[in-house]
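Student: got a predicted structure here, sequence first:
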Amino acid sequence: MTNLVELKGVSKAFRSADGAPRTILDGVDFTLADGEIVAMLGKSGSGKSTLLRIVAGLVAADGGRAAYRGRPIGGPLASVAMVFQSFALFPWLTVQQNVELGLEAQGVAPAARRERANAMLDLIGLSGFGGALPRELSGGMRQRVGIARALVTHPDVLLMDEAFSALDVLTGETLRGDILDLWDGKRIPTRGILVVSHNIEEAVMMADRIVIMASDPGRVRHEIRIDLPRPRNADTPEVRALVDEVYGLMTMRPAATVPGAGTARPDLPDYRLPDADVGRIESVLDLLAGAPFDGRADLPQLSEDTELPDEELFPAYEALGLLGLARVERGDIALTPLGRRYALAGQAQRQALFGRQLLKHVPLAARIHRELEDDASGTLAEEPFLELLEDTLEAGQAKRMLEVAIEWGRYGELYEYDYRTGMLNVPRIQQNTQA
């Protein structure tokens, strides 16, 4: 099978606000084959959008090899088109003019541009709207314009960067179905589609293969091949099983890594924490404990009930698992006996349980607590802990991990923190007891 796109050992870093390099992608190997739809999933920080831009030639890789049909990608490719989440239409141009933009950039004559744009508008369901301005259209119709603008250039490869996420569920499903009808019916000349998504069910319904990215930095973590014929029914056992499998993989806690190493380092404590605040963690736990779930839920159903995207819920699931309050297995989440006790506890009991679980399962919180207890003054600056985190995390990630550890530890009454001075302290109640 011919590869349209091939990435080998691709890495990419950007400068963060403090001037330090931040690695977005590290050692990524990826292919998009002729005749294939690939969906790419990953949590925040996995570099999905950056990878799309490298494939499109909009951003250059810092290391490794990025090739299209065997040739290095050295800049924007006329044979690769992208559809964005934000529609990215020029509001002062008509629908017809927006669709013709790519053809104009390619030097296509005006008469040919009009003919091809009209044909594409008919194909995408926008016949009669060529003279309208974007503000006259609904969100779904504006995204159809964006898709028409991409497809009118007859791209070999179509890239879709969360193209349906700004739409309501019904409109997104309809538009996704229309794209698949064009693809499966061979009514467009496009040979490969790469979809970046945060919607697991969307990925399972569309793709021949799903690639799951790890975060900070982005690496390919898992691949799943899907052999089910399209169109697919979201309610069939086969589709539900795949959705559960992907949820299970997405919620699996990654091993500790050293930036650039690409391999686990079991000799180093894992100070990486899920980026979840206590309020979100407890909200998910309370929802799970109540009706209709009674302590156990299918993750897709829980996501639907909270009306929150998966990428916002995953850190809360991971935190519940890390703290021993819930177990996540193959797309289901279930409260542990301790999690059930926690759900029934009063506020003071919750904080005490939270603190005990931090000491037991979160090395960073336990270390801060231990060093504070060992220090005669009961007061320590945050800088040494930040430097400790920067041994295995990049500066921005280290800062955020310390912020999470401070919030969790304060809630569990393991230590206090003064934002004005950046000093950590033994809790006042503990100081009084010691006195």
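Tutor: Nice, I can see it.

Student: contacting residues for Met40?
Tutor: By C-beta atoms under 8 Å, 6 or more residues apart in numbering, Met40 lies in contact with Lys48, Leu51, Leu194, Val195, Val196, Ser197, Ile210, Val211, Met213. C-betas here are computed from N, CA, C, even on glycine.

Student: count of neighbours near the third one?
Tutor: Going back to what we said before, that points to Leu194. Leu194: 27 surrounding residues under other C-beta atoms under 10 Å.

Student: would you say it is within a strand?
Tutor: Yes: checked against DSSP: H, G, I helix; E, B strand; the rest coil, Leu194 lies within a strand.

Student: hang on, isn't it packed against Val38?
Tutor: Yes: under the criterion of C-beta atoms under 8 Å, Leu194 makes contact with Val38 at 5.2 Å.

Student: who touches both of the two?
Tutor: Contacts common to Leu194 and Val38, judged by C-beta under 8 Å, 6+ apart, are Leu32.

Student: what's the angle from whichever strand or helix holds Ala39 to strand 192-196?
Tutor: In this structure, Ala39 sits in strand 36-42 according to DSSP states H and E. For strand 36-42 against strand 192-196, the angle by axes from the mean of the first three to the mean of the last three C-alpha atoms, to 10 degrees is 10 degrees.

Student: chain center to strand 36-42: distance?
Tutor: Put simply, strand 36-42 sits 12 Å off its chain's centre (C-alpha atoms, centre = their mean, to the nearest Å).

Student: again, but for stretch 239-251
Tutor: Distance, stretch centre to chain centre, for stretch 239-251: 15 Å (C-alpha atoms, centre = their mean).

Student: out of the contacts of Met40, which one has the weakest pLDDT?
Tutor: Lowest pLDDT among those: Ser197, with 86.

Student: burial of that one, as a residue count?
Tutor: When neighbours are counted by other C-beta under 10 Å, Ser197 comes out with 24.

Student: in the chain, what secondary structure element scores lowest on mean pLDDT?
Tutor: None of the helices or strands of the chain scores lower by mean pLDDT, DSSP states H and E than helix 428-434, at a mean of 54.

Student: run a quick neighbour tally on Gly279.
Tutor: Neighbours of Gly279 (other C-beta under 10 Å): 11.

Student: quick one: mean pLDDT for whichever strand or helix holds it?
Tutor: Of the helices and strands defined by DSSP H and E, Gly279 is found in helix 278-289. For helix 278-289, mean pLDDT rounds to 92.

Student: what packs against that helix?
Tutor: When contacts are defined as 3 or more C-beta pairs under 8 Å, 6 or more residues apart in numbering; DSSP states H and E, helix 278-289 packs onto helix 299-306, helix 310-322, strand 332-335, helix 337-344, helix 395-411.

Student: how about CSV for the ones you listed, with mean neighbour count and mean pLDDT added?
Tutor: Listed next are those as CSV, based on neighbours: other C-beta atoms under 10 Å; pLDDT from 0 to 100:
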stretch, mean neighbour count, mean pLDDT
helix 299-306, 17, 79
helix 310-322, 22, 86
strand 332-335, 20, 90
helix 337-344, 16, 94
helix 395-411, 20, 89
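
Student: Val80 is nearest to which of those?
Tutor: Of all the helices and strands packed on helix 278-289, helix 310-322 sits nearest to Val80, with 25.7 Å by C-beta to C-beta.

Student: which other residues reach the closest one?
Tutor: Helix 310-322 has contacts (C-beta under 8 Å, 6+ apart) with 43-44, 198-200, 247, 250-251, 253, 273-276, 280-281, 283-285, 299, 302-303, 306, 326-328, 333, 339, 361-362.

Student: buried ones from those, can you make that a ChimeraX selection?
Tutor: In ChimeraX syntax, the buried subset of these is picked out as below (16 or more other C-beta atoms under 10 Å):
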select :43,198,199,200,247,250,251,273,274,275,276,280,281,284,285,299,302,303,326,328,333,339,362
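
Student: which ones are touching Ala39?
Tutor: Val195, Val196, Ser197, Glu202, Ala203, Val204, Met206, Ala207, Arg209, Ile210, Val211.

Student: so what pairs up with the nearest residue to the last one once chain neighbours are set aside in the strands?
Tutor: This points to Val211. Nearest residue to Val211, sequence neighbours excluded (C-beta to C-beta, 6 or more residues apart in numbering): Met40, at 4.9 Å. Taking DSSP bridges as the rule, Met40 bridges to Val196, Val211.

Student: how much space separates Met40 from Lys48?
Tutor: Per C-beta to C-beta, to the nearest Å, Met40 is found 5 Å from Lys48.

Student: joint contacts of those two?
Tutor: With C-beta under 8 Å, 6+ apart as the test, Met40 and Lys48 both reach Val196, Met213.

Student: assess the claim that Lys399 and Glu387 are in contact.
Tutor: No: the pair Lys399 / Glu387 is not scored as a contact, 11.3 Å apart, by C-beta under 8 Å.

Student: hang on, Val38 packs against Val196?
Tutor: No: judged on C-beta under 8 Å, Val38 makes no contact with Val196 at a distance of 9.7 Å.

Student: hmm, back to that, from the contacts of Met40, which is closest to Thr171?
Tutor: Lowest distance from Thr171 to the contacts of Met40 (C-beta to C-beta) belongs to Ser197, with 15.5 Å.

Student: what residues does that closest one make contact with?
Tutor: By C-beta under 8 Å, 6+ apart, the residues touching Ser197 are Ala39, Met40, Leu41, Glu162, Phe164, Ser165, Ala203.

Student: hmm, try it at 7 Å
Tutor: Listed by C-beta atoms under 7 Å, 6 or more residues apart in numbering, the contact set of Ser197 reads Ala39, Leu41, Glu162, Ala203.
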